[in-house]
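Undergrad: This is the structure alone, sequence omitted:
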(Lines give C-alpha, C1' and ligand atoms only; values in the text may rest on other atoms or scores of the structure.)
Protein backbone atom coordinates (compact mmCIF):
# COMPACT_ATOMS: atom_id res chain seq x y z
CA UNK A 1 0.00 0.00 0.00
CA UNK A 2 1.61 3.33 -1.06
CA UNK A 3 1.79 6.16 1.45
CA UNK A 4 -1.05 8.72 1.22
CA UNK A 5 -0.79 11.74 -1.05
CA UNK A 6 -1.86 15.27 -0.19
CA UNK A 7 -2.05 18.53 -2.15
CA UNK A 8 -0.29 21.79 -1.32
CA UNK A 9 -2.04 24.65 -3.10
CA UNK A 10 -0.46 28.11 -3.40
CA UNK A 11 -3.51 29.55 -5.23
CA UNK A 12 -1.37 30.55 -8.23
CA UNK A 13 -2.48 33.14 -10.77
CA UNK A 14 -1.63 32.39 -14.40
CA UNK A 15 -0.39 34.97 -16.86
CA UNK A 16 -3.44 36.57 -18.47
CA UNK A 17 -5.82 35.28 -15.79
CA UNK A 18 -7.38 36.97 -12.74
CA UNK A 19 -7.31 36.43 -8.97
CA UNK A 20 -11.01 35.53 -9.01
CA UNK A 21 -10.37 32.82 -11.59
CA UNK A 22 -7.36 31.53 -9.64
CA UNK A 23 -9.42 31.21 -6.47
CA UNK A 24 -12.20 29.37 -8.28
CA UNK A 25 -9.60 27.07 -9.86
CA UNK A 26 -8.16 26.19 -6.46
CA UNK A 27 -11.57 25.33 -5.06
CA UNK A 28 -12.18 23.13 -8.10
CA UNK A 29 -8.80 21.47 -7.58
CA UNK A 30 -9.79 20.60 -4.01
CA UNK A 31 -13.01 19.03 -5.24
CA UNK A 32 -11.20 17.01 -7.91
CA UNK A 33 -8.40 16.03 -5.52
CA UNK A 34 -10.98 14.57 -3.15
CA UNK A 35 -12.50 12.54 -6.00
CA UNK A 36 -9.02 11.33 -7.02
CA UNK A 37 -8.30 9.95 -3.56
CA UNK A 38 -5.96 12.56 -2.08
CA UNK A 39 -5.89 12.48 1.72
CA UNK A 40 -5.30 16.18 2.42
CA UNK A 41 -5.56 19.53 0.66
CA UNK A 42 -3.48 22.27 2.27
CA UNK A 43 -3.25 25.96 1.42
CA UNK A 44 -0.07 28.00 1.77
CA UNK A 45 0.25 31.57 3.03
CA UNK A 46 2.03 34.23 0.97
CA UNK A 47 1.64 38.00 0.94
CA UNK A 48 2.00 40.81 -1.62
CA UNK A 49 2.58 38.51 -4.61
CA UNK A 50 0.74 39.05 -7.88
CA UNK A 51 1.25 35.44 -8.90
CA UNK A 52 0.36 33.73 -5.61
CA UNK A 53 -2.74 34.98 -3.81
CA UNK A 54 -3.16 32.49 -0.96
CA UNK A 55 -2.78 35.16 1.71
CA UNK A 56 -5.28 33.69 4.19
CA UNK A 57 -5.31 29.92 4.64
CA UNK A 58 -8.38 30.09 6.89
CA UNK A 59 -10.41 31.73 4.11
CA UNK A 60 -9.31 29.32 1.39
CA UNK A 61 -9.86 26.35 3.73
CA UNK A 62 -13.41 27.54 4.38
CA UNK A 63 -14.10 27.84 0.65
CA UNK A 64 -12.64 24.41 -0.08
CA UNK A 65 -14.50 22.86 2.83
CA UNK A 66 -17.82 24.02 1.40
CA UNK A 67 -17.00 22.35 -1.94
CA UNK A 68 -15.83 19.01 -0.47
CA UNK A 69 -17.03 16.51 2.10
CA UNK A 70 -14.32 14.01 3.09
CA UNK A 71 -10.81 15.26 2.26
CA UNK A 72 -8.85 16.81 5.14
CA UNK A 73 -8.26 20.53 4.57
CA UNK A 74 -5.66 22.69 6.25
CA UNK A 75 -2.81 25.17 6.21
CA UNK A 76 0.68 24.63 4.95
CA UNK A 77 1.40 26.84 6.81
CA UNK A 78 -0.04 29.68 8.86
CA UNK A 79 2.87 32.09 9.35
CA UNK A 80 2.80 32.70 13.08
CA UNK A 81 5.21 35.63 13.33
CA UNK A 82 2.61 38.32 12.62
CA UNK A 83 -0.36 36.67 14.35
CA UNK A 84 -1.31 35.99 17.94
CA UNK A 85 -1.69 32.42 19.11
CA UNK A 86 -5.26 33.14 20.17
CA UNK A 87 -6.32 34.50 16.76
CA UNK A 88 -4.90 31.41 15.01
CA UNK A 89 -6.50 28.97 17.44
CA UNK A 90 -9.88 30.72 17.29
CA UNK A 91 -9.93 30.69 13.48
CA UNK A 92 -9.08 27.01 13.23
CA UNK A 93 -11.40 26.12 16.07
CA UNK A 94 -14.24 27.67 14.08
CA UNK A 95 -13.15 25.77 10.97
CA UNK A 96 -13.15 22.52 12.94
CA UNK A 97 -16.64 23.28 14.22
CA UNK A 98 -17.78 23.87 10.63
CA UNK A 99 -15.99 20.84 9.14
CA UNK A 100 -15.57 18.40 12.05
CA UNK A 101 -12.80 15.85 11.82
CA UNK A 102 -11.29 17.41 8.69
CA UNK A 103 -9.13 20.37 9.76
CA UNK A 104 -5.31 20.44 9.83
CA UNK A 105 -3.46 23.38 11.36
CA UNK A 106 0.05 23.56 9.95
CA UNK A 107 2.25 26.19 11.60
CA UNK A 108 5.32 27.95 10.24
CA UNK A 109 7.88 29.95 12.25
CA UNK A 110 8.23 32.81 9.75
CA UNK A 111 8.58 36.14 11.54
CA UNK A 112 8.78 34.65 15.03
CA UNK A 113 11.49 35.53 17.49
CA UNK A 114 14.19 32.88 17.08
CA UNK A 115 16.06 31.14 19.84
CA UNK A 116 19.53 32.69 20.26
CA UNK A 117 21.22 29.48 19.06
CA UNK A 118 19.19 29.47 15.85
CA UNK A 119 20.46 32.89 14.79
CA UNK A 120 24.06 31.77 14.61
CA UNK A 121 25.19 31.04 11.07
CA UNK A 122 26.83 27.64 10.59
CA UNK A 123 30.62 27.74 10.43
CA UNK A 124 32.77 26.19 7.73
CA UNK A 125 32.12 25.60 4.03
CA UNK A 126 28.62 24.99 2.74
CA UNK A 127 27.72 21.34 2.12
CA UNK A 128 28.34 20.05 -1.39
CA UNK A 129 25.76 18.49 -3.67
CA UNK A 130 25.25 14.80 -3.08
CA UNK A 131 22.84 11.92 -3.50
CA UNK A 132 21.46 9.74 -0.74
CA UNK A 133 22.01 5.97 -0.92
CA UNK A 134 18.52 5.75 -2.42
CA UNK A 135 19.52 8.15 -5.19
CA UNK A 136 17.68 11.30 -4.04
CA UNK A 137 19.38 14.52 -5.15
CA UNK A 138 20.41 16.76 -2.23
CA UNK A 139 21.69 19.96 -3.86
CA UNK A 140 24.04 22.42 -2.24
CA UNK A 141 22.19 25.19 -0.36
CA UNK A 142 21.65 28.40 -2.31
CA UNK A 143 22.43 31.71 -0.52
CA UNK A 144 19.24 33.78 -0.38
CA UNK A 145 20.67 37.02 0.96
CA UNK A 146 19.37 38.88 -2.07
CA UNK A 147 15.80 37.91 -1.24
CA UNK A 148 16.02 38.68 2.46
CA UNK A 149 17.65 42.07 1.89
CA UNK A 150 15.45 43.16 -1.01
CA UNK A 151 13.38 46.33 -0.47
CA UNK A 152 10.17 44.46 -1.34
CA UNK A 153 10.84 41.76 1.25
CA UNK A 154 11.62 44.35 3.90
CA UNK A 155 8.47 46.35 3.18
CA UNK A 156 6.31 43.21 3.11
CA UNK A 157 7.72 42.12 6.47
CA UNK A 158 7.09 45.53 7.98
CA UNK A 159 3.48 45.71 6.75
CA UNK A 160 2.59 42.41 8.39
CA UNK A 161 3.28 43.68 11.92
CA UNK A 162 1.49 46.29 13.99
CA UNK A 163 3.79 49.23 14.82
CA UNK A 164 5.90 48.36 17.83
CA UNK A 165 4.60 44.78 17.98
CA UNK A 166 6.99 41.94 18.75
CA UNK A 167 6.23 38.30 18.11
CA UNK A 168 6.30 35.80 20.95
CA UNK A 169 8.87 33.02 21.05
CA UNK A 170 7.75 30.26 18.71
CA UNK A 171 7.61 27.56 21.39
CA UNK A 172 5.33 29.77 23.50
CA UNK A 173 3.05 30.38 20.50
CA UNK A 174 2.72 26.67 19.77
CA UNK A 175 2.08 25.84 23.43
CA UNK A 176 -0.61 28.49 23.72
CA UNK A 177 -2.35 27.27 20.55
CA UNK A 178 -2.36 23.75 21.97
CA UNK A 179 -3.83 24.98 25.25
CA UNK A 180 -6.57 26.94 23.50
CA UNK A 181 -7.58 24.10 21.18
CA UNK A 182 -7.56 21.54 24.00
CA UNK A 183 -9.72 23.72 26.26
CA UNK A 184 -6.99 23.91 28.92
CA UNK A 185 -5.98 27.57 28.56
CA UNK A 186 -5.13 29.21 31.87
CA UNK A 187 -3.80 32.76 32.18
CA UNK A 188 -2.99 34.45 35.51
CA UNK A 189 -4.77 31.59 37.32
CA UNK A 190 -7.91 32.25 35.30
CA UNK A 191 -9.20 29.20 33.40
CA UNK A 192 -10.44 30.06 29.90
CA UNK A 193 -11.76 26.81 28.42
CA UNK A 194 -14.10 28.76 26.13
CA UNK A 195 -11.21 30.53 24.34
CA UNK A 196 -11.87 28.65 21.09
CA UNK A 197 -15.04 27.11 19.70
CA UNK A 198 -14.09 23.62 18.54
CA UNK A 199 -15.83 20.47 17.45
CA UNK A 200 -15.53 17.10 19.21
CA UNK A 201 -11.89 16.75 18.12
CA UNK A 202 -9.36 19.63 17.93
CA UNK A 203 -7.68 20.38 14.59
CA UNK A 204 -4.71 18.16 13.83
CA UNK A 205 -1.60 20.18 14.63
CA UNK A 206 1.52 20.13 12.44
CA UNK A 207 4.84 21.99 12.54
CA UNK A 208 6.41 22.75 9.17
CA UNK A 209 10.10 23.36 8.59
CA UNK A 210 12.75 23.61 5.89
CA UNK A 211 15.91 22.67 7.75
CA UNK A 212 17.42 21.22 10.91
CA UNK A 213 16.56 23.81 13.54
CA UNK A 214 13.98 25.09 15.97
CA UNK A 215 10.93 23.87 14.02
CA UNK A 216 12.10 20.28 13.62
CA UNK A 217 13.20 20.13 17.27
CA UNK A 218 9.99 21.67 18.58
CA UNK A 219 7.79 19.30 16.57
CA UNK A 220 9.69 16.36 18.00
CA UNK A 221 9.86 17.58 21.57
CA UNK A 222 6.12 18.26 21.71
CA UNK A 223 5.19 15.00 19.99
CA UNK A 224 3.62 16.72 16.97
CA UNK A 225 3.50 15.84 13.29
CA UNK A 226 6.20 17.39 11.11
CA UNK A 227 6.11 18.68 7.54
CA UNK A 228 9.45 18.91 5.71
CA UNK A 229 9.86 21.00 2.56
CA UNK A 230 11.79 19.27 -0.20
CA UNK A 231 10.17 21.53 -2.78
CA UNK A 232 11.25 24.76 -1.03
CA UNK A 233 14.60 23.84 0.50
CA UNK A 234 15.77 20.52 -0.92
CA UNK A 235 19.26 20.84 0.55
CA UNK A 236 17.96 20.50 4.11
CA UNK A 237 15.39 17.73 3.79
CA UNK A 238 17.34 14.76 5.17
CA UNK A 239 18.80 16.65 8.13
CA UNK A 240 15.42 18.22 9.01
CA UNK A 241 13.61 14.89 9.07
CA UNK A 242 16.37 13.17 11.05
CA UNK A 243 16.50 16.02 13.57
CA UNK A 244 12.76 15.72 14.10
CA UNK A 245 12.99 11.97 14.64
CA UNK A 246 15.95 12.32 16.99
CA UNK A 247 14.03 14.94 19.01
CA UNK A 248 10.72 13.05 19.12
CA UNK A 249 8.99 12.36 22.42
CA UNK A 250 5.64 10.53 22.44
CA UNK A 251 2.58 12.63 23.28
CA UNK A 252 -1.10 11.97 23.98
CA UNK A 253 -1.76 12.64 20.32
CA UNK A 254 1.13 10.76 18.72
CA UNK A 255 3.17 7.80 19.91
CA UNK A 256 5.69 7.76 17.04
CA UNK A 257 7.15 10.33 14.60
CA UNK A 258 4.95 11.19 11.62
CA UNK A 259 6.38 13.07 8.63
CA UNK A 260 4.88 14.53 5.48
CA UNK A 261 7.37 15.61 2.77
CA UNK A 262 6.54 18.07 0.00
CA UNK A 263 7.47 17.65 -3.65
CA UNK A 264 7.06 19.84 -6.73
CA UNK A 265 5.44 17.78 -9.48
CA UNK A 266 4.19 18.12 -13.04
CA UNK A 267 2.64 15.05 -14.67
CA UNK A 268 1.44 14.68 -18.26
CA UNK A 269 0.85 11.65 -20.48
CA UNK A 270 4.44 11.84 -21.76
CA UNK A 271 7.75 13.08 -20.40
CA UNK A 272 8.04 15.51 -23.31
CA UNK A 273 4.67 17.17 -22.67
CA UNK A 274 5.32 17.41 -18.93
CA UNK A 275 8.66 19.17 -19.44
CA UNK A 276 7.00 21.58 -21.88
CA UNK A 277 4.28 22.41 -19.33
CA UNK A 278 6.95 22.96 -16.66
CA UNK A 279 8.97 25.41 -18.76
CA UNK A 280 7.84 28.49 -16.82
CA UNK A 281 8.82 27.17 -13.42
CA UNK A 282 12.35 28.60 -13.36
CA UNK A 283 11.12 32.09 -14.26
CA UNK A 284 8.44 31.91 -11.58
CA UNK A 285 10.84 30.75 -8.84
CA UNK A 286 13.39 33.38 -9.91
CA UNK A 287 10.82 36.13 -9.44
CA UNK A 288 10.35 34.95 -5.85
CA UNK A 289 14.00 34.38 -4.94
CA UNK A 290 15.19 37.61 -6.51
CA UNK A 291 12.89 39.56 -4.19
CA UNK A 292 10.68 40.92 -6.97
CA UNK A 293 7.64 38.92 -5.84
CA UNK A 294 5.99 35.99 -7.58
CA UNK A 295 4.96 36.83 -11.11
CA UNK A 296 1.81 35.39 -12.67
CA UNK A 297 2.80 31.92 -13.85
CA UNK A 298 4.03 32.26 -17.48
CA UNK A 299 2.88 30.31 -20.48
CA UNK A 300 5.43 27.74 -21.65
CA UNK A 301 5.88 29.67 -24.85
CA UNK A 302 6.63 32.89 -22.93
CA UNK A 303 9.30 31.19 -20.87
CA UNK A 304 10.91 29.37 -23.79
CA UNK A 305 11.08 32.60 -25.80
CA UNK A 306 12.87 34.40 -22.94
CA UNK A 307 15.32 31.95 -21.32
CA UNK A 308 16.94 32.81 -18.01
CA UNK A 309 20.48 34.13 -18.04
CA UNK A 310 23.33 32.20 -16.47
CA UNK A 311 23.16 33.96 -13.09
CA UNK A 312 19.37 33.79 -13.02
CA UNK A 313 19.38 30.08 -13.79
CA UNK A 314 21.97 29.43 -11.08
CA UNK A 315 19.71 31.06 -8.48
CA UNK A 316 16.93 28.52 -9.14
CA UNK A 317 18.96 25.51 -10.25
CA UNK A 318 18.37 23.54 -7.04
CA UNK A 319 14.60 23.97 -7.33
CA UNK A 320 14.47 23.15 -11.04
CA UNK A 321 16.50 19.97 -10.71
CA UNK A 322 14.61 18.63 -7.70
CA UNK A 323 11.19 18.70 -9.31
CA UNK A 324 9.52 15.50 -10.43
CA UNK A 325 8.43 16.11 -14.01
CA UNK A 326 7.31 13.53 -16.55
CA UNK A 327 4.84 10.78 -17.32
CA UNK A 328 2.97 9.10 -14.46
CA UNK A 329 5.48 6.26 -14.47
CA UNK A 330 8.47 8.61 -14.39
CA UNK A 331 7.10 10.71 -11.55
CA UNK A 332 5.94 7.76 -9.46
CA UNK A 333 9.44 6.28 -9.68
CA UNK A 334 10.97 9.58 -8.55
CA UNK A 335 8.53 10.03 -5.67
CA UNK A 336 9.25 6.53 -4.44
CA UNK A 337 12.92 7.50 -4.20
CA UNK A 338 11.94 10.59 -2.20
CA UNK A 339 9.75 8.52 0.12
CA UNK A 340 12.42 5.90 0.73
CA UNK A 341 15.16 8.48 1.31
CA UNK A 342 13.13 10.42 3.88
CA UNK A 343 10.98 7.65 5.32
CA UNK A 344 7.99 9.91 4.71
CA UNK A 345 4.66 8.69 6.08
CA UNK A 346 2.88 10.91 3.53
CA UNK A 347 3.81 12.98 0.50
CA UNK A 348 2.50 16.49 -0.17
CA UNK A 349 2.25 17.35 -3.87
CA UNK A 350 2.42 20.90 -5.18
CA UNK A 351 1.96 21.45 -8.90
CA UNK A 352 1.65 24.58 -11.00
CA UNK A 353 0.95 24.83 -14.71
CA UNK A 354 -0.22 27.82 -16.70
CA UNK A 355 -3.46 26.07 -17.67
CA UNK A 356 -5.33 25.17 -14.45
CA UNK A 357 -7.09 22.32 -16.23
CA UNK A 358 -3.72 20.70 -16.82
CA UNK A 359 -2.83 21.21 -13.17
CA UNK A 360 -5.93 19.20 -12.27
CA UNK A 361 -4.98 16.59 -14.84
CA UNK A 362 -1.47 16.38 -13.38
CA UNK A 363 -2.86 15.57 -9.93
CA UNK A 364 -5.35 13.07 -11.32
CA UNK A 365 -2.77 11.24 -13.44
CA UNK A 366 -0.43 11.02 -10.47
CA UNK A 367 -3.10 9.75 -8.09
CA UNK A 368 -4.21 7.02 -10.48
CA UNK A 369 -0.64 5.84 -11.08
CA UNK A 370 0.36 6.11 -7.42
CA UNK A 371 -2.57 4.09 -6.14
CA UNK A 372 -2.05 1.47 -8.83
CA UNK A 373 1.67 1.07 -8.06
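TA: Sure thing, it's come through. Here the structure is a predicted model, which means the values were calculated and not measured.

Undergrad: next one: stretch 43-59 to chain centre, how far?
TA: In terms of Cα atoms, centre = their mean, to the nearest Å, the centre of stretch 43-59 is found 12 Å from the chain centre.

Undergrad: Quick one: end-to-end distance for it.
TA: Stretch 43-59 has its terminal residues 10 Å apart, counting by Cα to Cα, to the nearest Å.

Undergrad: Flag every buried residue along it.
TA: 43-47, 49, 51-58 (16 or more other Cβ atoms under 10 Å). All C-beta spots, glycine's among them, are computed from the backbone N, C-alpha and C.

Undergrad: Which two among these are spaced furthest apart?
TA: Distance extremes for the buried residues of stretch 43-59: the farthest pair is 51 and 58 at 21.3 Å, using Cβ to Cβ.

Undergrad: picking up where we left off before, tabulate the buried residues of stretch 43-59 (JSON lines), appending pLDDT.
TA: As requested, the buried residues of stretch 43-59 are arranged in JSON lines below (pLDDT from 0 to 100):
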{"residue": "43", "pLDDT": "98"}
{"residue": "44", "pLDDT": "97"}
{"residue": "45", "pLDDT": "96"}
{"residue": "46", "pLDDT": "94"}
{"residue": "47", "pLDDT": "92"}
{"residue": "49", "pLDDT": "93"}
{"residue": "51", "pLDDT": "97"}
{"residue": "52", "pLDDT": "97"}
{"residue": "53", "pLDDT": "96"}
{"residue": "54", "pLDDT": "95"}
{"residue": "55", "pLDDT": "95"}
{"residue": "56", "pLDDT": "97"}
{"residue": "57", "pLDDT": "98"}
{"residue": "58", "pLDDT": "98"}
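
Undergrad: Please identify the helix or strand for residue 35.
TA: helix 19-36 (DSSP states H and E).

Undergrad: residues in contact with that helix?
TA: For helix 19-36, the external contacting residues (Cβ atoms under 8 Å, 6 or more residues apart in numbering) are 7, 9, 11-14, 41, 43, 53-54, 60, 63-64, 67-71, 73, 356, 359-360, 363-364, 367-368.

Undergrad: name the element residue 331 belongs to?
TA: Per DSSP H and E: residue 331 is located in helix 328-342.

Undergrad: cool, and residue 8?
TA: Here residue 8 is assigned to strand 5-9, by DSSP H and E.

Undergrad: chain center to that strand: distance?
TA: So, by Cα atoms, centre = their mean, the centroid of strand 5-9 is 9 Å from its chain's centroid.

Undergrad: Would you map the strands across the stretch 51-200 of the chain?
TA: 72-75, 78-79, 103-108, 130-131, 137-138, 186-187, 190-191 (DSSP state E, counting those that start in this stretch).

Undergrad: one step back: buried among the contacts of helix 19-36? Need that as a selection in PyMOL.
TA: Only the buried entries of the contacts of helix 19-36 go into this PyMOL selection, using 16+ other Cβ under 10 Å:
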select buried, resi 7+9+11+12+13+14+41+43+53+54+60+63+64+67+68+71+73+356+359+360+363+364+367
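
Undergrad: Now, the contacts of helix 19-36 that are in helices?
TA: Of the contacts of helix 19-36, the ones assigned to helices by DSSP state H are 60, 63-64, 67, 356, 359-360, 363-364, 367-368.

Undergrad: mind putting those residues in CSV, pLDDT and distance to residue 165 included?
TA: Shown next, in CSV, are the ones in helices among the contacts of helix 19-36 (pLDDT from 0 to 100; distance: Cβ to Cβ, whole Å):
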residue, pLDDT, distance to residue 165
60, 98, 25
63, 98, 29
64, 98, 30
67, 98, 35
356, 98, 37
359, 98, 37
360, 98, 40
363, 98, 39
364, 98, 44
367, 98, 43
368, 98, 48
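
Undergrad: For the strand holding residue 8, enumerate its sheet partners and note whether each is parallel or antiparallel.
TA: In the sheet, strand 5-9 lines up against strand 40-43 (parallel), strand 346-350 (parallel) (DSSP bridges).

Undergrad: and of those, who's closest to residue 142?
TA: Among those, the nearest to residue 142 by Cβ to Cβ is strand 346-350 (18.6 Å).

Undergrad: what's the angle from that closest one to helix 19-36?
TA: Angle of strand 346-350 versus helix 19-36, following axes from the mean of the first three to the mean of the last three Cα atoms, to 10 degrees, is 150 degrees.

Undergrad: now the helices for the stretch 151-300 of the chain?
TA: Using DSSP state H, counting those that start in this stretch, the helices of the stretch 151-300 of the chain run over 151-159, 170-182, 214-221, 237-247, 271-277, 281-289, 300-305.

Undergrad: out of the ones you listed, deepest packed?
TA: Neighbour counts (mean count of other Cβ atoms under 10 Å) averaged over each of those peak at helix 214-221, with a mean of 22.

Undergrad: Report all helices and strands that that helix contacts.
TA: Packing partners of helix 214-221 (3 or more Cβ pairs under 8 Å, 6 or more residues apart in numbering; DSSP states H and E): helix 170-182, strand 204-209, strand 225-229, helix 237-247.
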